[in-house]
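[1] next one to model:
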Amino acid sequence: YIGVDATGTKALGNGDEGIKVFGVTSSAANNVIGGSAPEFRNVISGNGEEGILLFGRQVMSTTIQGNYIGTDKDGLRALGNAREGIEISNDASQNTIGGGNISTGQPCSGACNVISGNAGHGIYIVGDHNTVMGNFIGTNVNGTAAVPNDDDGVYITLSEALTNTVRSNLISGNRGNGVHLGTSAAHNVVRGNLIGTDINGTAKLGNGGAGVYNEANWSVIGGDSGGHPPATCADPCNLISSNSVGITTTWGAEGHTTILGNFIGADINGEAPLGNQSHGIAAYEREAIISQNLISANGGNGLYLYGEYFTHGYSNTVQANVIGMTSDENEDVLYMGNKGYGIFVYRSKDNLIGGEQDGQGNTIAFNAKGGVVISTTVSTGNRILRNSIFNNQGAHNLGIDLGEDGVTPNCNTPEMVNTLKLSLIHISEP
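    A predicted model of the protein is given here:
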């Protein structure tokens, strides 16, 4: 017990870190904190700084497994450390937090760490090639109730934060974002996580901010699912539901975010609504790929592409998504529509929605305000190709609305040059 009393139920914190591994000028590699068997578990809570700090470029290949960091000995109640649960900084690299996979419906056990109840981020990383895998971050040991970290569940930031992996974790109940990829970070991967739900993937346990907030370059959120959204959400699919917003991505110096094969606003089976409060995806991006996602039941738009006078927000590709339906595209299920538009484009140019090839089109249906809207005269050069857009509602009852003002008599005006090509149109009785 590090920072708690002998009963493991009351804080008796050390003034600084619970555990500090320091390696700036000399090697501090191959450490093990905890282990996959219960008798190796540390309870690291109630301390005056971080629960665990790995500091310096010589700190490599440390493994942190099977610990309770920020909770009592039972993993049920907060006894938070005063800062982060775990911090990896100053170029510490190739370290592993956890190491296994979570299992739907099962409590945190084995290599899984419970990292909850801390006053800062659950995990904070400024380093490269670190792995966060198979942990419960922001919940109790059973994955059924929030024990929130006061900031983000996982925060990865600055130029030293390269090629880190966040995979197969339960990241829910935190007061900030679930996962935050910060400015200047690059090539980080977020894959196979439950973000904003319970361990079953069927009940709300949202983070206070975005499920994933991305300010970094070349980030990958999710993974390929064979050209269309998966039938159920399993690794590499992220389940991102019940948060303030599903995914917010704002490009850094280069952009190029990939959002691929996720469920955003649905349950793990793609059949029931667990909507994010606002948009499914809000993308202030350039050259992003948004593909093969199920984006349904969110409180705002399914996808919101926005920019600012051409300096941001352009040349994004949106293909093979299902927006407003169940994962099996059941037309008898009417309650999965997003509360706003399916896709809303605002001050964003040269985007491709759909494509020329078979399978590149999006299915956009049952959304409350409309299918696709291109708003304002500066949203030029957008192409809407070979999508299936049907049964969307709204004041103007249009599948595609150029200008957010109802029927456009001539869509080939200089102010609003958009290319429209639909290979499949569903028309239903009013």
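[2] you'd agree Ile69 is up against Ile52?
    Yes - counting by C-beta atoms under 8 Å, Ile69 does reach Ile52; the two are 6.7 Å apart. No exception for glycine: its C-beta is placed from N, CA and C like everyone else's.
[3] ok, the two, which is more surrounded?
    Ile69 (38 against 29; other C-beta atoms under 10 Å).
[4] quick check: beta-bridge partners of that one?
    Per DSSP bridges, the residues bridged to Ile69 are Ile44, Ile115.
[5] name the residues contacting each of Ile69 and Ile52.
    18, 44, 85-86 (C-beta atoms under 8 Å, 6 or more residues apart in numbering).
[6] among those, which are located in strands?
    44, 86 (DSSP state E).
[7] closest to Ile195 out of the shared contacts of Ile69 and Ile52?
    Nearest to Ile195 out of the shared contacts of Ile69 and Ile52 is Gly85 (C-beta to C-beta; 17.0 Å).
[8] top of the shared contacts of Ile69 and Ile52 by neighbour count?
    Gly85 (35 neighbours).
[9] and that residue, how far from Gly399?
    47 Å (C-beta to C-beta, to the nearest Å).
[10] tell me what the helix or strand where Ile259 lies is packed against?
    Per DSSP states H and E: Ile259 is located in strand 258-260. Here strand 258-260 touches strand 220-222, strand 289-291, going by 3 or more C-beta pairs under 8 Å, 6 or more residues apart in numbering; DSSP states H and E.
[11] let's see it at 10 Å
    With contacts taken as 3 or more C-beta pairs under 10 Å, 6 or more residues apart in numbering; DSSP states H and E, strand 258-260 sits against strand 189-191, strand 220-222, strand 245-250, strand 289-291.
[12] so for Ile364, what's the pLDDT?
    Looking at Ile364, its pLDDT is 96.
[13] no no, Ser159
    88.
[14] which residues touch the spatially closest residue to Leu274 that is not a sequence neighbour?
    The shortest distance from Leu274 to any non-neighbouring residue, by C-beta to C-beta, 6 or more residues apart in numbering, is to Ser241 (3.8 Å). When contacts are counted by C-beta atoms under 10 Å, 6 or more residues apart in numbering, Ser241 touches 172, 194-197, 201-206, 211, 233, 262-268, 272-276, 280, 296-298.
[15] hmm, back to that, between the shared contacts of Ile69 and Ile52, which is closest to Arg167?
    Looking across the shared contacts of Ile69 and Ile52 and measuring by C-beta to C-beta, the closest to Arg167 is Ile86, at 16.0 Å.
[16] so that closest one is in contact with Ser116, correct?
    No - in this structure, Ile86 is not within contact of Ser116 by C-beta atoms under 10 Å, at 11.6 Å.
[17] okay, and the common contacts of those two?
    With C-beta under 10 Å, 6+ apart as the test, Ile86 and Ser116 both reach 69-70, 122, 135, 137.
[18] buried only: go through those residues for me.
    Among the shared contacts of Ile86 and Ser116, those classed as buried by neighbour count (16 or more other C-beta atoms under 10 Å) are 69-70, 122, 135, 137.
[19] and Ile389, which of the three is it?
    strand (DSSP: H, G, I helix; E, B strand; the rest coil).
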